[in-house]
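Colleague: Sharing a model prediction with you, sequence too.
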Amino acid sequence: MNNQRTSLLAATVLAVLAAPAARAIDVTAGAWTLSFDGNVNANYIYSHCPQYPAGVPGTADLPLACTSSSSDSSSSVSNGLLPAALTVSGATVQDGLSIGFTFGLYPGISTNDGGSPNLQAGGSHTALGTAGLDIRQVFLTVGNDHVGTIMAGRNIGLFAADAILNDMTLLGVGAGNGNYAAPANTSLGSIGLGYIYTDWLSQINYTTPSIGGAKVTFGIFDPLNSLTQTPINHSTPGFQAKIAYTMGPLYLSASGLYQQQRIPCAGLTAGGCSLTSPSGSYDGFGANAFDIGGKYDFGGFEVLGWYYRAKGVGTTGLFAFNYDGAGNARDSDGFLAQITYTVGREKMGLNYGSSKLDPTGLDISSCTATAAACALERNSKWSIGNYYNVTANLLLVTEFTRTTSVNIFNTSINSWNLNAGLFLKF
């Protein structure tokens, strides 16, 4: 049973990491153990959002530094990087195999006029999608310590998962002005500001038993369309893999993904196959990405860093703004660095992250003051935070974050936000 509970750790780690010590509510029913856990959180967020410089190329893009029509400030009461959560899991042992299931429900507290927290226009199957009312997790597991574990269903991805799971702002806000709608009524933390969002994806994967402290996970994934294209079919799945190594206070990991990206020729507006191919044809490329990093604990300190590099994957959400008007893949890379210190009930920390999306030659040549081709070249931010365990289950969070967005002409804007809130884990 303990082995099965360990295999389910990935299902609840977003709500557990760095949270006050807590234990799930367990109920035994025959041969099954049912567990209920989750969180409720709310933050007051004060933000200063500057006016974007008039006439500067890039106004059609979405800088992650918050902007306004005139230099302004805003107040809100919102979720942080995590929405509220309620997860229900079950575990049993049958014929020597640990078997389990998990359902994860993630509501937000911010008002969302769209109805569904992750409303997708036209029902497009893209990254940031949701199965119903933000049901992020629906999966089963089967295996044991000798043969490894198979996981099948909808769960967190492998690529870039460790970066967000170890971000100190996971239980806070990080970057965010509280003006949330889709997706999921949540802030950015360091998404697009040090790592690409791992997302919650349909998948079948396999994790090996521990081999000298290392575990390898690999699997097939439901392929995603680019964020802005109409839904199309894919003849092959996406692929992701991860290797993680633990030795005492040292943790290291590397992960990667590959997917063949298909682009309808009709959607290409600046040359490419749209000029030479018949209607209904497709262009495409092999999108790929990897990340590598780790963390080390010593004397109350924890230092960590993760780096990623990608081609045709984007730099905020998976496959968001990942190619230009002719179907050329954009390169991207970024990193997150962090140091925290824990004494007694209190943890203090500082992190810095930066994500860069390289413009193509077409992006640069076609850039005007209102053209979407003026892809923002870099988003970065630093956060300082204090996380205090009021009780074993209740965490008091305070953070300050400054975010900078720079376009391809090196014009920058800066915003900042201050948040204070409570995070209850049960």
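Modeller: Now that the structure is in, tell me what you want to look at.
Colleague: Sketch out the low-pLDDT regions of the stretch 101-250 of the chain for me.
Modeller: Within the stretch 101-250 of the chain, the stretches with pLDDT under 70 are 111-133, 179-184, 228-231.
Colleague: isn't Cys49 right up against Ser75?
Modeller: No: look at Cys49 against Ser75 with CB atoms under 8 Å: they stay out of range, at 11.7 Å. C-betas here are computed from N, CA, C, even on glycine.
Colleague: Show me which of these two is the more surrounded one.
Modeller: In terms of neighbours (other CB atoms under 10 Å), Cys49 is the more surrounded of Cys49 and Ser75; the figures are 23 against 10.
Colleague: Enumerate every residue touching the more buried one.
Modeller: Residues near Cys49 by CB atoms under 8 Å, 6 or more residues apart in numbering: Ala65, Cys66, Thr67, Ser68, Ser71, Asp72, Ser73, Ser74, Asn177, Ser415.
Colleague: and of these, the nearest to Pro264?
Modeller: Nearest to Pro264, judged by CB to CB, of the contacts of Cys49 is Thr67 at 31.5 Å.
Colleague: who touches the closest one in this structure?
Modeller: Per CB under 8 Å, 6+ apart, neighbours of Thr67: Cys49, Pro50, Gln51, Tyr52, Ile413, Ser415.
Colleague: Give the PyMOL command for selecting the buried subset of these.
Modeller: Per 16 or more other CB atoms under 10 Å, the buried members of the contacts of Thr67 correspond to this PyMOL selection:
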select buried, resi 49+50+52+413+415
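Colleague: So which of the contacts of Thr67 belong to strands?
Modeller: Those of the contacts of Thr67 mapping onto strands are Cys49, Ile413, Ser415, per DSSP state E.
Colleague: got those as JSON lines, with pLDDT and distance to Thr186 columns?
Modeller: What follows is those, written out as JSON lines (pLDDT from 0 to 100; distance: CB to CB, whole Å):
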{"residue": "Cys49", "pLDDT": "86", "distance to Thr186": "18"}
{"residue": "Ile413", "pLDDT": "86", "distance to Thr186": "22"}
{"residue": "Ser415", "pLDDT": "92", "distance to Thr186": "18"}
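Colleague: export those residues to CSV and tack on distance to Val303?
Modeller: Below are the ones in strands among the contacts of Thr67 laid out as CSV (distance: CB to CB, whole Å):
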residue, distance to Val303
Cys49, 32
Ile413, 30
Ser415, 27
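Colleague: On the three-state scheme, the residue most central in space within the chain is what?
Modeller: Centroid-nearest residue in the chain, with CA atoms, centre = their mean: Tyr197, separated by 2.7 Å. At Tyr197 the chain is in coil, as set by DSSP: H, G, I helix; E, B strand; the rest coil.
Colleague: The closest residue to it other than its chain neighbours pairs with what?
Modeller: Nearest residue to Tyr197, sequence neighbours excluded (CB to CB, 6 or more residues apart in numbering): Ile191, at 4.6 Å. Residues in a beta bridge with Ile191, per DSSP bridges, are Tyr195.
Colleague: Helices of the stretch 51-200 of the chain, start to end?
Modeller: Counting by DSSP state H, counting those that start in this stretch, the stretch 51-200 of the chain has helices at residues 161-165.
Colleague: so where is the stretch 301-426 of the chain shaky, pLDDT-wise?
Modeller: Ranges of the stretch 301-426 of the chain meeting pLDDT under 70: 368-375.
Colleague: ok, Tyr195 touching Ala160?
Modeller: Yes: the criterion here is CB under 8 Å, and Tyr195 meets it with Ala160 at 5.1 Å.
Colleague: Mutual contacts of those two, please.
Modeller: Asp291, Tyr308.
Colleague: hang on, the earlier thing: pick out whichever of the contacts of Thr67 sits closest to Ser365.
Modeller: Closest to Ser365, out of all of the contacts of Thr67 and judged by CB to CB, is Tyr52, at 22.6 Å.
Colleague: Please name the nearest non-neighbouring residue to that closest one.
Modeller: Here the residue nearest Tyr52, using CB to CB, 6+ apart, is Thr67, at 4.6 Å.
Colleague: can you check Ala161 too?
Modeller: Thr198 (4.4 Å).
Colleague: Would you quantify the distance from the one you found to Tyr251?
Modeller: 17 Å (CB to CB, to the nearest Å).
Colleague: Compare the two (neighbour count), which wins?
Modeller: Ranked by neighbour count (other CB under 10 Å), Thr198 and Tyr251 place Thr198 first, with 25 against 19.
Colleague: residues contacting that one?
Modeller: So Thr198 contacts Ile156, Gly157, Leu158, Phe159, Ala160, Ala161, Ala163, Ile164 (CB under 8 Å, 6+ apart).
Colleague: again, but for Asn322
Modeller: By CB under 8 Å, 6+ apart, the contact list for Asn322 reads Ser226, Leu227, Gln261, Ala287, Gly312, Val313, Gly314, Ala329, Arg330.
Colleague: May I see the residues you listed organised as JSON lines, with distance to Met348 and neighbour count added?
Modeller: Formatted as JSON lines, the contacts of Asn322 follow (distance: CB to CB, whole Å; neighbours: other CB atoms under 10 Å):
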{"residue": "Ser226", "distance to Met348": "40", "neighbour count": "24"}
{"residue": "Leu227", "distance to Met348": "36", "neighbour count": "18"}
{"residue": "Gln261", "distance to Met348": "42", "neighbour count": "26"}
{"residue": "Ala287", "distance to Met348": "38", "neighbour count": "24"}
{"residue": "Gly312", "distance to Met348": "39", "neighbour count": "24"}
{"residue": "Val313", "distance to Met348": "33", "neighbour count": "28"}
{"residue": "Gly314", "distance to Met348": "33", "neighbour count": "25"}
{"residue": "Ala329", "distance to Met348": "40", "neighbour count": "22"}
{"residue": "Arg330", "distance to Met348": "37", "neighbour count": "20"}
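Colleague: Let's see which of those end up in strands.
Modeller: Secondary structure from DSSP E places Gln261, Ala287 of the contacts of Asn322 in strands.
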